[in-house]
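Student: Model the following, please.
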Amino acid sequence: MHWRSPLGNLGMPDISDSKVLVRPAMLEDAECLSALAFRSKAYWGYSHDFMEACREELRYTQTDIGSKGFLFAIAKLSRTIVGFYAIKTLSDNQFELEALFVEPAYIGQGIGRMLIEHAKQTAKKLGGDRLVIQSDPHAVGFYQAAGGVSIGDRESASISDRLLPMFAIPLHENITVTDGHSYELPSIHSLNRVTGTPQ
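Tutor: Predicted coordinates:
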């Protein structure tokens, strides 16, 4: 099963939209996604010690992918995974972007923009009013361009006393973002999991 992105032409310079597929992650993608996330984070020039401190937070397991509270989606170009995102539910109408990473060789080619737009559409279809994001400092401009409004800071789960910028993207025109509340994590019962070998 594949999801073909409904986003249309996003002006990517080096790749064709018609060749990029976005589909639910499969359980066996976990190791690949963990390695991709680590490479993508390292792209920004962080030190070896910093990256090692982040390694556990950047590790995604089959349990994570199979959880009813999460949805993982990957972008594939031919047979290559070039990026992925994960969203989790915070409440019936609030979702958080748990992860969004692009393979370093494809950064700057529109994959990230395709994934954030796909994540926004997915959260909206699940009944979301807004998508909350904890951003890497290097990605602030990216999330602002995607419609993110600053809602404060949150301490890093990997590096103590490191504050990371928080954003929220309203998913409906009549929704405004004015606060930085945190939310509990109930289950998403309507998400279908896909297992098996990628096409």
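
Student: quick one, helices of this structure?
Tutor: Taking DSSP state H as the criterion, the chain carries its helices at 30-42, 48-54, 62-66, 111-125, 140-145.

Student: out of these, which comes closest to Leu97?
Tutor: helix 111-125 (5.9 Å; CB to CB). The C-beta positions use only the backbone N, C-alpha and C, and glycine is treated the same way.

Student: Identify each buried residue in the closest one, please.
Tutor: For helix 111-125, the neighbour count (16 or more other CB atoms under 10 Å) marks 111-120, 122-124 as buried.

Student: Pick out the most distant pair among those.
Tutor: The most widely separated members of those, counting by CB to CB, are Ile111 and Lys124 (20.5 Å).

Student: ok, how many other residues are close to Ile169?
Tutor: By other CB atoms under 10 Å, the residues close to Ile169 number 24.

Student: what do you get for Leu97?
Tutor: Applying other CB under 10 Å, we find 24 residues neighbouring Leu97.

Student: Check Cys54 too.
Tutor: 19.

Student: Please apply the same query to the one 4 residues further on.
Tutor: With neighbours defined by other CB under 10 Å, the count for Leu58 comes to 20.

Student: Nearest residue to it in space, please, no chain neighbours.
Tutor: With CB to CB, 6 or more residues apart in numbering as the criterion, Leu58 has its nearest non-adjacent residue at 4.4 Å, and that residue is Ala37.

Student: who's in contact with the one you found?
Tutor: Listed by CB atoms under 8 Å, 6 or more residues apart in numbering, the contact set of Ala37 reads 58, 60, 84, 99, 101.

Student: Next one: it relative to Val82, how far apart?
Tutor: Ala37 is 13 Å from Val82, where distance means CB to CB, to the nearest Å.

Student: can you check His118 too?
Tutor: In this view, His118 and Val82 are 13 Å apart by CB to CB.
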